[in-house]
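Engineer: What shape does this take:
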Amino acid sequence: MKIRAYAAMTMASVVLAACGSSAAPATTAVPATTAAPATAAGPETTASQKTTAPETRAEDNQAAGEGTELYVFAAASMTEAMDQIKEKYEAENPGIVIVPTYDSSGTLLKQIQEGAECDLFISAAPKQMNALEEAGSLAEGSRIDLLENKVTLAVPEGNPKGIESFDQLSEFLKNGEVFLCMGNSDVPVGQYTQKIFAFYELKEEELAKTGVLTYGSNVKEVTTQVKENSVDCGIIYATDAFSAGLETVDSATKEMCGQVIYPASVLKDSKNAEAAQTFLDYLTGSEASGIFESVGFTPLSK
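Structural biologist: You can find the predicted model right below:
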C-alpha cells in the first residue's frame, strides 16, 4: 500500500510539473502579442509615403507639362472654332486640358473681375480687354489682336419680310414694320448694333418703346431667335450666321460700326502662364488659323 501511495504521489508531482511548464509559455505569450504593434508600424510608414507620393508625382507631372488645366474664357461667337481647336490641341499635347467658358465678353469680364480662375481671355471687342489692362490684370507683353469678325444682318429661312440691307432695315424700324433681335448693351454685338443705329440716326429707346426690338444676352441667343423664326431678323456676327446656317443679307461697313477686333491675352494671375502663352501662340499658327477661317473669322496674327 505504501508503495502504491508513493507512486501516486510521484505521478501527481509529474502532472503538476507538466502543467507548470505548459503555463509558462502562456505567460511569455503576452509579450509576443504586445510586440505586434511594432510590426503594424510598417503600414503606418506606407501610409505616410502615400500622402507624399502623389504630391511628388503632381510636381513631376507639372514640370513635365502633364495634368495641366488651362482655363480659357472666350467670346460666345468663338464656340464652334474653339471646340475644334481644343480637340486638336489636346490630341497633340497629352496632359494639357483646355477648360473653356463661352459667354458674352461683358459677362466673362465680370467673372474675371470677381475672381474667377482664368488663364487666357479672348474678347469680342477691345473694350473688355482694355478694362483688364487698365486694372493691371494682363500678363505683360501677351496682349495681341487675334481675329477680325464681321457684323451681319441675318434673316430666318425664306426671309419672310424680304429684308435686303441695313439701309432697308433702317426704314422698316422707323415705320414699325419689322421685329429685330439685337444683343444687350453690355455685350459687344449689342454695342456694335448701337453704333449702327447711331449711323442711321435711330434712337434705341424710342424703337424699344414701339415694340420693334427684342434682346439676347449674348450673340448665341440672338442667333437662336433668328434660327427659330421668332423674329424677322437679327444683327449677329458672320461666324455665328455661318455656324447656324443662316442667310446674311448685308454686312456692316467699318464706317457703320468700326472693325470687329478680337483681342486675346494671358492674365497676370494665371497659375499656368507659360502653358497659356504656348496655347495663345498656337492660336496664331497655321493650324488654328485654318479653323478660324473655316467658320468666317479673319486671323490677324498668323
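Engineer: Show the residue spans covered by the strands in the stretch 201-302 of the chain.
Structural biologist: With strands called from DSSP state E, counting those that start in this stretch, the stretch 201-302 of the chain shows them at 213-216, 233-237, 247-251, 260-266, 298-299.
Engineer: list the helices and strands the last one packs on?
Structural biologist: Where contact means 3 or more C-beta pairs under 8 Å, 6 or more residues apart in numbering; DSSP states H and E, strand 298-299 is packed against strand 144-149, helix 286-294. Quick note: C-beta positions are derived from backbone N, CA and C, even for glycine.
Engineer: 10 Å instead, please
Structural biologist: Judged by 3 or more C-beta pairs under 10 Å, 6 or more residues apart in numbering; DSSP states H and E, strand 298-299 is in contact with strand 144-149, strand 260-266, helix 286-294.
Engineer: Switch these over to CSV; also include mean pLDDT.
Structural biologist: Below are those laid out as CSV (pLDDT from 0 to 100):
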stretch, mean pLDDT
strand 144-149, 98
strand 260-266, 97
helix 286-294, 96
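Engineer: thinking again about what came up before, for residue 189, find the nearest of the strands of the stretch 201-302 of the chain.
Structural biologist: With C-beta to C-beta, the closest approach to residue 189 among the strands of the stretch 201-302 of the chain belongs to strand 233-237: 6.3 Å.
Engineer: Can you show me the CA trace of the closest one as PDB?
Structural biologist: Taking Å, rounded to 0.1, in the frame of the first residue of the first chain, the C-alpha atoms of strand 233-237 are listed here in PDB:
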ATOM      1  CA  CYS A 233     -34.100  89.500 -88.500                       C
ATOM      2  CA  GLY A 234     -31.100  89.800 -86.200                       C
ATOM      3  CA  ILE A 235     -27.800  91.500 -86.000                       C
ATOM      4  CA  ILE A 236     -25.100  88.900 -85.400                       C
ATOM      5  CA  TYR A 237     -21.500  88.000 -86.400                       C
END
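Engineer: Which elements pack onto that strand?
Structural biologist: Looks like strand 233-237 contacts strand 151-155, helix 166-174, strand 180-183, helix 188-199, strand 213-216, helix 219-227, helix 238-244, strand 247-251 (3+ C-beta pairs under 10 Å, 6+ apart).
Engineer: Mind listing the strands the fifth one pairs with, and their directions?
Structural biologist: Going back to what we said before, that points to strand 213-216. For strand 213-216, the paired strands and their directions (DSSP bridges) read strand 180-183 (parallel).
Engineer: Kindly format the C-alpha coordinates of the strand it pairs with as PDB.
Structural biologist: Listed next in PDB are the C-alpha coordinates belonging to strand 180-183 (Å, rounded to 0.1, in the frame of the first residue of the first chain):
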ATOM      1  CA  LEU A 180     -35.400  92.900 -84.800                       C
ATOM      2  CA  CYS A 181     -33.300  91.000 -82.300                       C
ATOM      3  CA  MET A 182     -30.100  92.600 -81.000                       C
ATOM      4  CA  GLY A 183     -27.600  91.900 -78.300                       C
END
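Engineer: Quick one: mean pLDDT for that strand?
Structural biologist: Averaging pLDDT along strand 180-183 yields 98.
Engineer: Show me how far it is from its chain's centre.
Structural biologist: Relative to its parent chain, strand 180-183 has a centroid offset of 26 Å by C-alpha atoms, centre = their mean, to the nearest Å.
Engineer: Check stretch 169-178 too.
Structural biologist: Centroid separation for stretch 169-178 versus its chain: 39 Å, with C-alpha atoms, centre = their mean.
Engineer: And the contacts of that stretch?
Structural biologist: Stretch 169-178 has contacts (C-beta atoms under 10 Å, 6 or more residues apart in numbering) with 153, 155, 161-163, 165, 168, 179-180, 196-197, 199-202, 204, 206-207, 210-213, 231-233, 235, 249-250.
Engineer: Of the strands of the stretch 201-302 of the chain, which is nearest residue 69?
Structural biologist: Taking those one by one with C-beta to C-beta, strand 260-266 is closest: 14.8 Å.
Engineer: For that closest one, which strands pair with it and how are they oriented?
Structural biologist: strand 120-122 (antiparallel), strand 144-149 (antiparallel).
Engineer: would CSV of those strands with distance to residue 109 be doable?
Structural biologist: Shown next, in CSV, are the strands paired with strand 260-266 (distance: least, C-beta to C-beta, whole Å):
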stretch, distance to residue 109
strand 120-122, 8
strand 144-149, 16
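Engineer: what's the most buried one of those?
Structural biologist: Sort the strands paired with strand 260-266 by mean neighbour count, taking mean count of other C-beta atoms under 10 Å, and strand 120-122 sits at the top with a mean of 26.
Engineer: State the mean pLDDT of it.
Structural biologist: Mean pLDDT, strand 120-122: 98.
Engineer: Thanks a lot, see you next time.
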